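>>> build the 3D model from these lines:
(chains A, B, C, D, E and F)
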4 protein chains.
Amino acid sequence: MDKRERIIRAAIEVFREKGIERSKVSDIVSKAEIAQGTFYLYFPSKLSVMPAIAAKMVGQLEEKVLQAVIPDDSWDEQLRQFTAAVFEVTGEYRDVSALVYAGLSSTEHVKEWEQIYTPLYGTVSEMIGRWQAGGHVRQADSLRLARLVVGLTESAAEQVYLYDSYDSGQEKAQKEELVEFLKHALQM
Amino acid sequence: MDKRERIIRAAIEVFREKGIERSKVSDIVSKAEIAQGTFYLYFPSKLSVMPAIAAKMVGQLEEKVLQAVIPDDSWDEQLRQFTAAVFEVTGEYRDVSALVYAGLSSTEHVKEWEQIYTPLYGTVSEMIGRWQAGGHVRQADSLRLARLVVGLTESAAEQVYLYDSYDSGQEKAQKEELVEFLKHALQM
Amino acid sequence: MDKRERIIRAAIEVFREKGIERSKVSDIVSKAEIAQGTFYLYFPSKLSVMPAIAAKMVGQLEEKVLQAVIPDDSWDEQLRQFTAAVFEVTGEYRDVSALVYAGLSSTEHVKEWEQIYTPLYGTVSEMIGRWQAGGHVRQADSLRLARLVVGLTESAAEQVYLYDSYDSGQEKAQKEELVEFLKHALQM
Amino acid sequence: MDKRERIIRAAIEVFREKGIERSKVSDIVSKAEIAQGTFYLYFPSKLSVMPAIAAKMVGQLEEKVLQAVIPDDSWDEQLRQFTAAVFEVTGEYRDVSALVYAGLSSTEHVKEWEQIYTPLYGTVSEMIGRWQAGGHVRQADSLRLARLVVGLTESAAEQVYLYDSYDSGQEKAQKEELVEFLKHALQM
DNA sequence: AATGAATGAGGGTTCATTCAT
DNA sequence: TATGAATGAACCCTCATTCAT
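Numbering: from 1, shown residues only, chains lettered A, B, ... in the order given. Here you go, the predicted model:
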């Protein structure tokens, strides 16, 4: 496999295991099975892997959403599919995302964050556009709605995965509540 | 003033100025005007200030919400007051919150996060309960709604403050959109 | 009990448990059940307890020797009594003595070492003098002999207690060998 | 030269100059002309140089003894050669040895001590074996005798070098006394 | 491109000592 | 005499980065 990719995957694993401050480049390279110096052929510094990780995360989220949401299904079914997809990917990356964000913010890469999210917002915005065209969703700037929907759903997912006290029953209920919340928030 | 409090305040300022990784304990203590060693009489390590900061942030958020929301006003006015309060505090702490969250997650303090947020959720939950009692908000578990409302609002606020490209017009529009979104999401 | 004495005893215990570098004044005071500052009412610095410990050790050794050696017994019996006494006290302090010596040497207190040992050498020297008078021990400077005898015996004792591989059979054999060695070394 | 060796030599010099507690790793590396971090590529901690120093010391002692003692000379001449060798090396390392020993004992390396001394005991034991074969030394376990002889001689040497009050006349007398002591102790 | 030994600045933490009570 | 909170200098060790091979 391509070494750059190996580094990113290893970095994700290591950040997940140890958090950012405790993660060493040496951990990453040994997990990636490359030499210490090789890291610097692909990334100029430790923190510069962050944007790459973030992009990977959001990219995967977008991909998942595109796969999961079936345009021919009913719009509230699509809502369900969408939230399920976000929950799944957020669950997978739950512990890394804050680290990555913090990593970005501590290195003046913050502005890249918006740029990284832009395609996802676009995708969701289009989805909402279709629902509006179908007469299910009220007229409003679909990009603004997309941002609110994504933020809300991610936040709900994080809450579920953050707190130990959740059980799968809770998770299901929380998801249902979210779908209901979204349906009301969006519908005409 | 109580030394512990001095440390927390200084830490917030320093983290805000430099980010976590670049903040030295020596910066914190000099801003707090105490000796290097004194820090360790109150906190066992640099990162262990994090939960204290988080608690302070959320505490302030709750306080602001309680001040801002006037129960006798109309419910959508209250919604507006609520979002404005969250935007204000989030704006104030925008750059620290992700750091703090990341700091918490990297130090096995994650579980404290829920505990820190619990009182705020309680407050918002009661607020929603009043709205339900007034017949404005649909019947649903008010604690669940509170979590969604808080998550959504914080996320919206972060988005506004995160992206450089916002101007005050944008900010106003985004807030309006959020209130509208919330109104639909909650009403009967 | 007198606080100075409490400090010395606590210091011995702590040095024994942790070695000098890892022993903190705070360990000593908490073991002595006095306050941090009280230590400095009795000793000007951490290392200045060293000479006191050394004096205590050697004093105990001398006392033990005086108790154990019965002048009316046969001279080789006395030799046996003497070595047994040294083995006993050395065993008790085995791990501290080197520490104490090193502690002394790192603080320009080395010269006190000789002074601390002087009374013991005197005692042993007198003992040897009696044996010489009794015609059992060859004529030679009894102080020189005393030094050699004490050094040899302590060294033998340390070897026995230092090495894990010793068993009580070995210990007995080693003692016997030592007595034999001494008998030959001293006798006419 | 090999870096590990450079570190050991530098450490000896520094410990000698300052004692263990006052010796900084930074002193050692600057004397060794390597970088601070390089130290830790060869030794896991400051104290872990101790066993290496001890081994070097004892190794040199053994080498010196082998050089000095000429098997064809008379056995009491050999005794004299042996003690002279021990005095010389002990004199050279006089101020380090206690430090090293204390350093060893404070770091759970004590067991290495026996192992470090083993080859020297072997060498001396063989030497004594030859004397026994030549009919000069009484029959007794030669390894036990070796330990006693080494311990006695080192102790005598330390006493000579420890006490400021010695002059070269004293030293000579002390050595003579020791040889006499040993001759009696060993002979048939 | 790949290596990994070497670098050295940097900072978290410790702990002997002080001093106001 | 006794206390123990406060001090701050000191230092070990880490680890991102470099560079000769």
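>>> for A:V124, helix, strand, or coil?
Recorded secondary structure, A:V124: helix (DSSP: H, G, I helix; E, B strand; the rest coil).
>>> cool, the one 5 residues further on as well?
In three-state terms, and counting by three-state DSSP, A:G129 is helix.
>>> mind checking pLDDT for it?
Here the pLDDT value assigned to A:G129 is 97.
>>> repeat that for A:V14.
Value for A:V14, per-residue pLDDT: 88.
>>> could you do A:L79 as well?
pLDDT, read off for A:L79, is 95.
>>> that one contacts A:K183, doesn't it?
Yes: if you go by C-beta atoms under 8 Å, A:L79 and A:K183 touch, sitting 6.3 Å apart. (Glycine included, C-beta is placed from N, CA and C.)
>>> compare the two (neighbour count), which wins?
Per other C-beta atoms under 10 Å in any protein chain shown, whichever of A:L79 and A:K183 has more neighbours is A:L79, with 25 against 17.
>>> separation between the more buried one and A:E176?
11 Å (C-beta to C-beta, to the nearest Å).
>>> kindly report the same for A:V149.
Taking C-beta to C-beta, one finds A:V149 at 16 Å from A:E176.
>>> neighbour-wise, which of those two wins?
Taking neighbours as other C-beta under 10 Å, A:V149 and A:E176 compare with A:V149 leading, 25 against 14.
>>> nearest residue to the more buried one other than its sequence neighbours?
A:V124 (6.1 Å; C-beta to C-beta, 6 or more residues apart in numbering or on different chains).
>>> now swap in A:R6 and tell me
Going by C-beta to C-beta, 6+ apart, A:R6 has A:A32 as its nearest residue, at 4.4 Å.
>>> OK, contacts around the one you found?
Shown in contact with A:A32 (C-beta atoms under 8 Å, 6 or more residues apart in numbering or on different chains): A:3, A:6-7, A:9-10, A:39.
>>> swap in A:Y161?
Contacts of A:Y161 (C-beta under 8 Å, 6+ apart): A:90-91, A:94.
>>> ok, and the most crowded of the residues you listed?
A:T90 leads these on contacts (other C-beta under 10 Å) with 20 neighbours.
>>> isn't that one up against A:E154?
Yes: counting by C-beta under 8 Å, A:T90 touches A:E154, with 5.8 Å between them.
>>> sorry, back to before: please report phi then psi for the residue nearest to A:R6.
phi -80, psi 0 (degrees, to the nearest 10).
>>> separation between it and A:Y42?
10 Å.
>>> before we move on, what about A:W75?
Going from A:W75 to A:Y42 by C-beta to C-beta gives 44 Å.
>>> chain A - how does it break down into domains?
Domain segmentation of chain A under automatic domain parsing yields A:3-43, A:50-186.
>>> from the chain's centre, how far out does the last one sit?
On the basis of C-alpha atoms, centre = their mean, to the nearest Å, domain A:50-186 sits 7 Å off its chain's mean C-alpha point.
>>> so which residue is smack in the middle of chain A?
A:V58 (4.5 Å; C-alpha atoms, centre = their mean).
>>> which ones are touching that one?
Going by C-beta under 8 Å, 6+ apart, the list of residues near A:V58 reads A:116-117, A:119-120.
>>> and it, what's its pLDDT?
A:V58 is assigned a predicted lDDT (pLDDT) of 89.
>>> element containing it?
helix A:49-68 (DSSP states H and E).
>>> go through that helix and flag the buried ones.
Under the neighbour-count criterion of 16 or more other C-beta atoms under 10 Å in any protein chain shown, helix A:49-68 has A:49-58, A:61-62, A:64-65, A:68 buried.
>>> over to stretch A:28-38?
A:28-29, A:31-32, A:34.
>>> and the residue of chain A found nearest chain B, how many residues sit next to it?
Residue nearest to chain B within chain A: A:G19 (2.5 Å; C-beta to the nearest C-beta). Using other C-beta under 10 Å, A:G19 has 22 other residues around it.
>>> ok, longest helix in chain A?
helix A:75-105 (DSSP state H).
>>> close to DNA strand F, is that one?
No: Helix A:75-105 is not in contact with DNA strand F by C-beta under 7 Å from any atom of the strand; minimum separation 11.9 Å.
>>> go on, stretch A:35-53?
Yes: counting by C-beta under 7 Å from any atom of the strand, contacts between stretch A:35-53 and DNA strand F involve A:36-37, A:39-40, A:45-46.
>>> packing partners of the lowest-mean-pLDDT helix or strand in chain A?
Counting by mean pLDDT, DSSP states H and E, chain A has its least confident helix or strand at helix A:75-105, which shows a mean of 83. Where contact means 3 or more C-beta pairs under 8 Å, 6 or more residues apart in numbering or on different chains; DSSP states H and E, helix A:75-105 is packed against helix A:3-18, helix A:49-68, helix A:110-133, helix A:142-162, helix A:168-186, helix B:75-105.
>>> and those, which is most packed in?
helix A:142-162 (a mean of 22; mean count of other C-beta atoms under 10 Å in any protein chain shown).
>>> contacts only, for A:E171.
A:87, A:160.
>>> can you tell me how far it sits from B:Q78?
Distance from A:E171 to B:Q78, by C-beta to C-beta: 30 Å.
>>> likewise A:A146?
26 Å.
>>> cool, and A:V96?
Distance from A:V96 to B:Q78, by C-beta to C-beta: 37 Å.
>>> also A:L79?
In this view, A:L79 and B:Q78 are 27 Å apart by C-beta to C-beta.
>>> can you name the residue of chain A nearest to chain C?
For chain A, C-beta to the nearest C-beta, closest residue to chain C: A:R22, 25.0 Å.
>>> which element is that residue on?
For A:R22, there is no host helix or strand (DSSP H and E).
>>> next, give phi and psi for it.
Dihedral angles (degrees, to the nearest 10) for A:R22: phi -90, psi 0.
>>> who are the contact partners of A:G169?
A:G169 touches nothing, counting by C-beta under 8 Å, 6+ apart.
>>> next up, the contacts around A:A157.
So A:A157 contacts A:86-87, A:90-91, A:94 (C-beta under 8 Å, 6+ apart).
>>> actually A:A52, sorry about that
Here A:A52 is in contact with A:4, A:8, A:43 (C-beta under 8 Å, 6+ apart).
>>> tell me what the helix or strand hosting A:T38 is packed against?
Element membership for A:T38 (DSSP H and E) is helix A:36-42. Applying 3+ C-beta pairs under 8 Å, 6+ apart, one finds that helix A:36-42 contacts helix A:3-18, helix A:25-32.
>>> kindly recompute the last result at 6 Å.
Other helices and strands packing on helix A:36-42, by 3 or more C-beta pairs under 6 Å, 6 or more residues apart in numbering or on different chains; DSSP states H and E, are helix A:25-32.
>>> how about the helix it packs on against DNA strand E, any contact?
No: remark: helix A:25-32 sits outside contact range of DNA strand E, by C-beta under 7 Å from any atom of the strand, the gap being at least 8.0 Å.
>>> before we move on, back to that, and which of the contacts of A:A52 is nearest to chain D?
Nearest member of the contacts of A:A52 to chain D, counting by C-beta to the nearest C-beta, is A:F43, at 21.9 Å.
>>> can you list phi and psi of that closest one for me?
Here A:F43 shows phi and psi, under degrees, to the nearest 10, equal to phi -140, psi 140.
>>> which residues sit in contact with it?
Counting by C-beta atoms under 6 Å, 6 or more residues apart in numbering or on different chains, A:F43 touches A:V49.
>>> from A:Y161, how far off is A:E63?
Distance from A:E63 to A:Y161, by C-beta to C-beta: 20 Å.
>>> again, but for A:G37
37 Å.
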